[in-house]
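**Q** Build me a model from this:
(one chain, ligands or ions: 1)
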Amino acid sequence: MSQAAYAAAETAFVRAYPEYQTTGLLDDLRATEYARLERSGQIYVDYTGGGLYADSQIRAHADLLVNHVFGNPHSTNPTSLAMTHWVEQARHSVLVFFNASPEDYVVIFTMNASGALKLVGESYPFGPDGQYLLTFDNHNSVNGIREFARARGAQVTYAPLLPPAMRIDENRLVELLGQAVAGRNNLFAYPAQSNFSGVQHPLEWIAKAQAKGWDVLLDAAAFAPTNRLDLSQWHPDFVSLSFYKIFGYPTGVGCLLARRATLAKLRRPWFAGGTITVASVGTPSSPGPRPTRTARRTTSACPRWILA
Ligand SMILES: Cc1ncc(COP(=O)(O)O)c(C=O)c1O
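**A** Next up, the predicted model:
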């Protein structure tokens with residue numbers, strides 16, 4: 001087809017389908033930010049497993065690294081303070097993006113959604129008479145929490161799906177939610193969007209489950225890339241996320257959004273890292289370090305006996 005014939009065909013097409021022009025913004029975006037798709041000749045349709053990064057993200061990050069000197073965060077030298085600033089800025093941006101009040105929610109950075117889920121699993125105070133209730137269509141990283149629950153004597157129950165739509169059997173769910181033992185720790189986990197079926201479950205269950213004595217873990221890893229989760233409207237106790245699924249780059253960063261009120265009942269099974277103020281190796285029977293969430297390292301991370 002000649003260029004003139006192509007232009008005439010395009011004009012006729014746009015006249016017949018004027019709404020096509022409203023997608024021009026996407027064409028521009030594809031040309032400016034995702035030209036590598038054109039170059040590679042590929043069409044990328046996966047938008048729950050991993051989002052594509054825009055070219056400008058890579059340039060902005062490269063500029064940041066090339067033009068600044070950054071140290072390890074949470075210390076007081078200038079390079080460290082610069083890094084701490086960006087970490088806190090990122091934390092703030094996450095809260096803003098999810099419309100979460102800093103009074104209600106804490107952002108805990110993890111390696112990915114699985115890391116966030118493991119944090120909940122290993123530190124949630126499961127125990128005899130407590131329960132872990134989860135839907136059939138959870139990601140394996142949510143299923144894996146049952147090993148922590150079982151090891152501590154909690155009952156593990158699956159809420160079934162109804163084929164063919166693969167939605168939850170709501171009557172059964174209401175029954176199961178009614179079985180929480182008052183005064184015990186009960187955790188209900190479900191995906192806002194299932195990676196297995198693509199089904200989006202009602203967020204209304206969050207408050208319904210909480211009203212019946214459950215803490216709610218909402219896995220938003222597959223939901224957040226194409227939906228806004230408004231935490232001023234919905235108040236799950238825990239939310240798990242992977243950022244590469246939302247904006248592609250960098251990989252290796254996710255977070256646990258945790259409600260402060262529920263976070264207080266988690267028990268960390270171990271400690272690590274530079275935010276520990278001091279750890280004693282001289283008194284094995286001591287309860288160990290008492291890191292506070294706001295603690296900043298004021299000395300090197302030397303164990304107490306070296307400092308003494
Ligand atoms: C719903 C859901 N939860 C959790 C995960 C785990 O995410 P990651 O592998 O980034 O830890 C995925 C990954 O696809 C997911 O779709």
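
**Q** Show me which residues of the stretch 101-250 of the chain sit near the ligand.
**A** Residues of the stretch 101-250 of the chain found near the ligand (Cβ under 6 Å from any ligand atom) are 112-114, 139, 141, 191, 195, 219, 221-222, 242. For every residue, glycine as well, the C-beta is placed using N, CA and C.

**Q** could you dump those residues to a markdown table with neighbour count, pLDDT and distance to Leu133?
**A** Converted to a markdown table, these look like this (neighbours: other Cβ atoms under 10 Å; pLDDT from 0 to 100; distance: Cβ to Cβ, whole Å):
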| residue | neighbour count | pLDDT | distance to Leu133 |
| --- | --- | --- | --- |
| Asn112 | 21 | 97 | 24 |
| Ala113 | 27 | 98 | 19 |
| Ser114 | 18 | 98 | 20 |
| His139 | 19 | 96 | 16 |
| Ser141 | 20 | 97 | 17 |
| Pro191 | 25 | 98 | 14 |
| Asn195 | 19 | 93 | 19 |
| Asp219 | 28 | 98 | 14 |
| Ala221 | 29 | 97 | 19 |
| Ala222 | 23 | 96 | 20 |
| Ser242 | 27 | 97 | 24 |
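
**Q** can you tell me which of these lies nearest to Ala7?
**A** Nearest to Ala7 among those: Ala222, at 41.9 Å, using Cβ to Cβ.

**Q** Please report phi then psi for the closest one.
**A** Note on Ala222: backbone dihedrals following degrees, to the nearest 10 are phi -90, psi -20.

**Q** surely it meets Phe196?
**A** No. With contact defined as Cβ atoms under 8 Å, Ala222 does not reach Phe196; the gap is 9.2 Å.

**Q** overlap in contacts of the two?
**A** Shared contacts of Ala222 and Phe196 (Cβ atoms under 8 Å, 6 or more residues apart in numbering): His139.

**Q** Relative to the ligand, how far out is Ala8?
**A** Distance of Ala8 to the ligand, computed by Cβ to the nearest ligand atom, to the nearest Å: 46 Å.

**Q** and that residue, which of the three is it?
**A** Under DSSP: H, G, I helix; E, B strand; the rest coil, the three-state class of Ala8 is helix.

**Q** Pull the number of nearby residues for Asp137.
**A** As a burial measure, Asp137 scores 23 neighbours (other Cβ atoms under 10 Å).

**Q** ok, now Asp215?
**A** Neighbourhood size, Asp215 [other Cβ under 10 Å]: 23.
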